[in-house]
Each structure stands twice: as C-alpha cells, then as structure tokens.
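Engineer: attaching a predicted model along with its sequence, questions to come.
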Amino acid sequence: MSNSLYFKQVEIGPMSNFVYLVGSTETRKVAVIDAAWDIEGILRLAAADGMEITHALVTHTHPDHVGSWLHGAHIEGVEELLGKVKAKVVVHKAEAEFLKSLSPSDIIRSDSGDKINVGGIEIQLIHTPGHTPGSQCFLVGGFSPGQPDRLIAGDTLFIGSCGRVDLPGSSAEEMYHSLTQKLMQLSDDTILFPGHNYAAEMTSTIGAQKKSNPYLQFHSLNAFLAAMGYA
Ligand SMILES: [Zn+2]
C-alpha cells in the first residue's frame, strides 16, 4: 500500500466526540468517520486541506455519532453530509435500518472483514458488537515497517474503559468477546483512536491498554460479567 496516509482526529460537539478524516494525500480522497454535530465544520476542514469526501463511515448509529441539528430540527448528520457531497455511507448491516432518512442506494451495508478503499487507502472493518449490535471498528494499516496500524474504535474501546453495555441493544457478553477475541488480538503497537475524548490522552496503543485498561484484565467471561454487574 502506498504510504500516503492523510489522517485527522477532531473533537466535536458537547459530548467530546471524536470525528476522524482518513484518506490519501496522493489522490486527495477522504472518508469521514462518524460525521455528526457540525457537518459544515467537517466540510470546511476537508476543503481547507483540498480533500474530497467520498465515504462516510459509521462506527454505530447512536445520535452523537450520526446526528446533526440543522435549523433546530434533528436530522441525520450523514443525511446533511449527503446533501452537500456525493459520498457512500458505510454502516454495519445490523444497524443500517436506523438510518431511515437515507436512500438505500446511498448505503453500503458492511460486515466484519470487509475492506473499503478510500482513494487508495484500505480500511478494514471489524464488527465489534457489545455497545450496540452493529458497532464496528476501522483498522487502517499495512504501511511500511515502523508505521503502526491505527484503530478507530468508536464506543467499543476507550482509553482506560470500554463502551457502555447497559443501553438498549447492548450486550456485556458480546462486548467481552469483541474486546478479547478481536481488539486484543491486534498487534500491540496498533494506535488506538477512541470515539470520545474521555481520557487525559487522545490516543493510546493496544499494548498499553492491555496492561492498564481495567476492562481488559478479565480472564473469563464470568469475571467480566460479574464486574459489570451482570452475574
Ligand atoms: Zn454510543
């Protein structure tokens, strides 16, 4: 893969959400991850860098990750985005139904292992249910040695914590499997980019989280469930 990664992490909105722009400095195409809160601001950011938005990737469909408030009326942020740019919305198939306002032809219903090519940069999709049934993380990697992979983890894995599992559609058991069988299997130097700015740092690594994140210290599902108050 060409080593022309364009990558931006931007905090946005009153709930400390992180929006990400991931694309190629060569082809100048970019995906916006979790387009919400301030679509105009996101568009200005991309335009200022001469980047064309071709994809809107959705980690999950909670309103703080896909919502926007235009003239006081709540609509989908991704819908507002599509009104301004020609992009495909990538949402896990388990949650596509929640983006009611989009036409089916605007949506790519993704599944685990799918790869999205954004102007030559490959983004791998990892289904990580638990916080929501269709939560997915995005792995950007395959670069030259010494340039670690990057994981955009939505509300599945935070720095020092994990996403809530007490909401409608949540599952503590699925969260445990997503954390241990998927995210903890990634290489230790993978850089973690969470869905919210909840910690003192804006990024961490999978290796550092394996050591210090209290939610990654359980060696059995039952111990995890007990700690989460479910057993
Ligand atoms: Zn959420």
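Structural biologist: Sure, I can see it.
Engineer: give the contact list for residue 135.
Structural biologist: 59, 60, 92, 127, 128, 129, 154, 155, 156, 163, 178 (Cβ atoms under 8 Å, 6 or more residues apart in numbering). All C-beta spots, glycine's among them, are computed from the backbone N, C-alpha and C.
Engineer: could you check how many residues crowd around the residue lying closest to the third one once chain neighbours are set aside?
Structural biologist: Ranked by Cβ to Cβ, 6 or more residues apart in numbering and with sequence neighbours excluded, the top spatial neighbour of residue 92 is residue 134, at 3.5 Å. Applying the criterion other Cβ atoms under 10 Å, we find 24 residues in the vicinity of residue 134.
Engineer: residues in the protein within reach of the ion, list them.
Structural biologist: By the rule Cβ under 5 Å from the ion, the part of the chain lying against the ion is 62, 155.
Engineer: excluding chain neighbours, what is closest to residue 51?
Structural biologist: For residue 51, the closest residue by Cβ to Cβ, 6+ apart turns out to be residue 30, at 4.1 Å.
Engineer: contacting residues around the residue nearest to residue 92?
Structural biologist: 60, 61, 91, 92, 93, 94, 95, 96, 127.
Engineer: can you do 7 Å?
Structural biologist: 60, 91, 92, 93, 94, 95 (Cβ atoms under 7 Å, 6 or more residues apart in numbering).
Engineer: make JSON lines out of the residues you listed and add neighbour count and pLDDT.
Structural biologist: Below are the contacts of residue 134 laid out as JSON lines (neighbours: other Cβ atoms under 10 Å; pLDDT from 0 to 100):
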{"residue": "60", "neighbour count": "27", "pLDDT": "96"}
{"residue": "91", "neighbour count": "25", "pLDDT": "96"}
{"residue": "92", "neighbour count": "24", "pLDDT": "97"}
{"residue": "93", "neighbour count": "17", "pLDDT": "96"}
{"residue": "94", "neighbour count": "20", "pLDDT": "96"}
{"residue": "95", "neighbour count": "23", "pLDDT": "94"}
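Engineer: for the protein, what helix or strand is lowest in average pLDDT?
Structural biologist: Every helix and strand of the chain was ranked by mean pLDDT, DSSP states H and E. The lowest is strand 73-76, at a mean of 72.
Engineer: quick check, residue 198 in a strand?
Structural biologist: No - Residue 198 is assigned coil when assessed by DSSP: H, G, I helix; E, B strand; the rest coil, not a strand.
Engineer: list the contacts for residue 194?
Structural biologist: 18, 153, 157, 158, 159.
Engineer: what would the residues you listed look like in a markdown table with pLDDT?
Structural biologist: Formatted as a markdown table, the contacts of residue 194 follow (pLDDT from 0 to 100):
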| residue | pLDDT |
| --- | --- |
| 18 | 98 |
| 153 | 98 |
| 157 | 98 |
| 158 | 97 |
| 159 | 98 |
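Engineer: can you tell me which of those end up in strands?
Structural biologist: 18, 157, 158 (DSSP state E).
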